[in-house]
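**Q** Here's a sequence, model it:
(one chain, ligands or ions: 1)
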Amino acid sequence: MPTVLVLAEHADGALRPVTGELLTAARRVGTPAAVVVGAPGAAAALAGELAAAGAEKIFVAESPDADSYAVTPQVAALQAAVEAAGGAGEVAAVLLPNTVDGRDIAGRLAIRLDSGVIADAVDLDESVVATLSVFGGSYVVTSQVTQGIPVITVRAGAVTAEPVAGAGEQVPVQFTVDPATATTVTAVHTEPAGDRPDLAAAQTVVSGGRGVGSADKFSVVEQLADALGAAVGASRAAVDSGYYPHQFQVGQTGTTVSPQLYIALGISGAIQHRAGMQTSKSIVAVNKDPDAPIFEIADFGVVGDLFDVAPQLTQEVSSR
Ligand code: FAD
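**A** This is a model prediction of the structure:
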């Protein structure tokens with residue numbers, strides 16, 4: 001069985017859920033192997049989780065400098081892991097999360113491997129054919145790399161993690177970064193996440209639109225999200241109106257989400273919003289306009305006032 005390398009996404013000693021999703025996708029194609037890039041000790045902290053998530057091997061690429069540079073350590077480490085795994089004949093694909101960094105790393109790695117990139121896959125089959133949702137979700141296309149080892153970024157939440165425990169055998173890999181060609185990280189700014197899950201990776205998202213009417217009233221959206229343990233999202237119209245911060249915008253020019261459940265409150269369903277959420281597994285829409293386009297893609301629709309429906313839903317969920 002060829003090896004499929006997965007770049008392990010981790011922060012503060014914990015694995016991001018997307019890594020388990022990528023290991024599941026990798027198992028369809030071959031033997032899943034994780035690549036951990038980080039400071040010394042990073043892999044030891046993650047090894048148990050990675051094996052439980054399906055990693056048969058864990059390529060350990062550690063260096064005191066690993067966190068000092070942007071993306072170049074990951075590129076060098078993945079290239080070294082490809083070689084350690086046997087090179088082109090033995091490695092069927094390299095999978096990364098479809099984040100800004102993931103796409104950056106993928107492009108650089110593909111140049112080094114003389115291969116091709118597929119970005120933002122929402123599915124992957126056993127022949128390494130990727131499925132993509134393109135042009136604002138208007139078309140579903142399949143795509144395949146025809147030269148070299150395919151380097152593929154996969155959308156968080158698009159593949160459901162189905163963990164099959166792996167052996168988790170650790171294999172050290174040596175890599176070097178030339179400081180002359182690297183970008184040094186001088187500071188890392190993270191938005192306060194609060195107690196809610198990360199929007200891009202959340203299993204459930206509750207989003208509010210212009211129909212919410214004001215920043216104060218957005219608490220209706222937050223209360224339902226908290227009852228469900230969900231992330232909060234917003235349409236661009238809600239963001240532009242100052243109801244909710246931009247970092248929570250869902251859509252073409254915001255975050256792309258693919259949760260198990262997406263609840264849209266007072267959102268019309270413009271194509272640019274749909275582009276960021278229509279690969280959600282189940283979509284529930286609450287809108288007082290029965291002709292709102294969101295109902296075209298909703299699995300469950302409620303025609304009604306969100307200020308009637310959402311609080312009842314919150315109360316019902318909270319009482320269980
Ligand atoms: P509206 O279209 O105004 O809809 C509000 C809805 O709320 C209506 O359907 C109304 O019936 C309903 N409503 C009102 N009151 C209630 C109530 N009390 N109860 C229930 N329902 C109620 N949009 C995004 O969301 N994300 C993007 O990333 C994005 N990128 C864009 C990029 C470009 C280049 C462009 C041109 C546009 C982009 N847009 C984006 C904007 C997009 O075209 C829409 O304008 C926007 O999505 C509309 O947001 P909305 O549905 O909240 O508002």
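
**Q** With only the CA atoms kept, save stretch 75-84 in PDB.
**A** Extracted C-alpha coordinates of stretch 75-84, given in PDB (Å, rounded to 0.1, in the frame of the first residue of the first chain):
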ATOM      1  CA  VAL A  75       7.600  22.700   3.200                       C
ATOM      2  CA  ALA A  76      11.100  21.400   4.000                       C
ATOM      3  CA  ALA A  77       9.800  18.800   6.500                       C
ATOM      4  CA  LEU A  78       7.200  17.500   4.100                       C
ATOM      5  CA  GLN A  79       9.700  17.200   1.400                       C
ATOM      6  CA  ALA A  80      12.000  15.300   3.800                       C
ATOM      7  CA  ALA A  81       9.100  13.100   4.800                       C
ATOM      8  CA  VAL A  82       8.300  12.200   1.200                       C
ATOM      9  CA  GLU A  83      11.900  11.100   0.800                       C
ATOM     10  CA  ALA A  84      11.800   9.200   4.100                       C
END
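
**Q** Now tell me what touches it from outside.
**A** Contacting residues not belonging to stretch 75-84 are listed as 5, 7, 33, 35, 37, 59, 61, 66, 91, 94, 105, 108-109, 112-113, 149, 171, 173-177 [C-beta atoms under 8 Å, 6 or more residues apart in numbering]. C-betas here are computed from N, CA, C, even on glycine.

**Q** Those in strands, which ones?
**A** L5, L7, A33, V35, V37, F59, A61, V91, V94, V171 (DSSP state E).

**Q** Would you mind listing the two of the residues you listed that lie farthest apart?
**A** V37 and V91 (16.7 Å; C-beta to C-beta).

**Q** quick one, which of these two is more surrounded?
**A** More neighbours surround V37 than the other of V37 and V91, with 29 against 24 (other C-beta atoms under 10 Å).

**Q** wait, doesn't the more buried one sit right on A66?
**A** Yes - when contacts are counted by C-beta atoms under 8 Å, V37 is listed as touching A66 (5.6 Å).

**Q** what's the overlap in contacts for the two?
**A** With C-beta under 8 Å, 6+ apart, V37 and A66 have common neighbours P73, A77.

**Q** Tell me the residues of the stretch 201-320 of the chain that contact the ligand?
**A** 209-211, 235-238, 249-254, 266-268, 270, 272-273, 276, 286-289, 292, 305-307 (C-beta under 6 Å from any ligand atom).

**Q** Just the buried ones from these?
**A** Those of those that meet the buried threshold are 209-211, 235-238, 249-252, 254, 266-268, 270, 273, 276, 286-287, 292, 306-307, by 16 or more other C-beta atoms under 10 Å.

**Q** follow-up on the earlier one: pull out the buried members of the contacts of stretch 75-84.
**A** Neighbour counting by 16+ other C-beta under 10 Å classes 5, 7, 33, 35, 37, 59, 61, 66, 91, 94, 105, 108-109, 113, 149, 173, 175, 177 among these as buried.

**Q** just the strands in the stretch 101-250 of the chain please.
**A** Listed in chain order, the strands of the stretch 101-250 of the chain (DSSP state E, counting those that start in this stretch) span 117-124, 130-134, 139-143, 151-154, 169-172, 183-184, 204-208, 231-234.

**Q** any chance of the ones in strands among the contacts of stretch 75-84 in JSON lines, plus pLDDT?
**A** As requested, these are exported to JSON lines (pLDDT from 0 to 100):
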{"residue": "L5", "pLDDT": "98"}
{"residue": "L7", "pLDDT": "98"}
{"residue": "A33", "pLDDT": "98"}
{"residue": "V35", "pLDDT": "98"}
{"residue": "V37", "pLDDT": "96"}
{"residue": "F59", "pLDDT": "98"}
{"residue": "A61", "pLDDT": "96"}
{"residue": "V91", "pLDDT": "97"}
{"residue": "V94", "pLDDT": "98"}
{"residue": "V171", "pLDDT": "97"}
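
**Q** any idea which of those residues is closest to the ligand?
**A** Checking the ones in strands among the contacts of stretch 75-84 against the ligand by C-beta to the nearest ligand atom gives L7 as the nearest, at 26.3 Å.

**Q** How much space separates that closest one from P40?
**A** 18 Å (C-beta to C-beta, to the nearest Å).

**Q** can you check P293 too?
**A** As judged by C-beta to C-beta, P293 and P40 stand 52 Å apart.

**Q** Could you do A275 as well?
**A** In terms of C-beta to C-beta, A275 sits 41 Å off from P40.

**Q** With neighbour numbers in mind, choose between these two.
**A** The neighbour count for A275 versus P40, taken as other C-beta under 10 Å, is higher for A275 (21 against 11).

**Q** For the more buried one, report the pLDDT, please.
**A** The confidence metric pLDDT takes the value 92 at A275.

**Q** Kindly report the same for A93.
**A** Looking at A93, the pLDDT reads 98.

**Q** quick one: contacts for the closest residue to E222 other than its chain neighbours?
**A** The shortest distance from E222 to any non-neighbouring residue, by C-beta to C-beta, 6 or more residues apart in numbering, is to V232 (5.7 Å). The neighbourhood of V232, defined by C-beta under 8 Å, 6+ apart, consists of R196, L199, V205, V206, S207, G208, F218, V221, E222, A225, Y244, F248.
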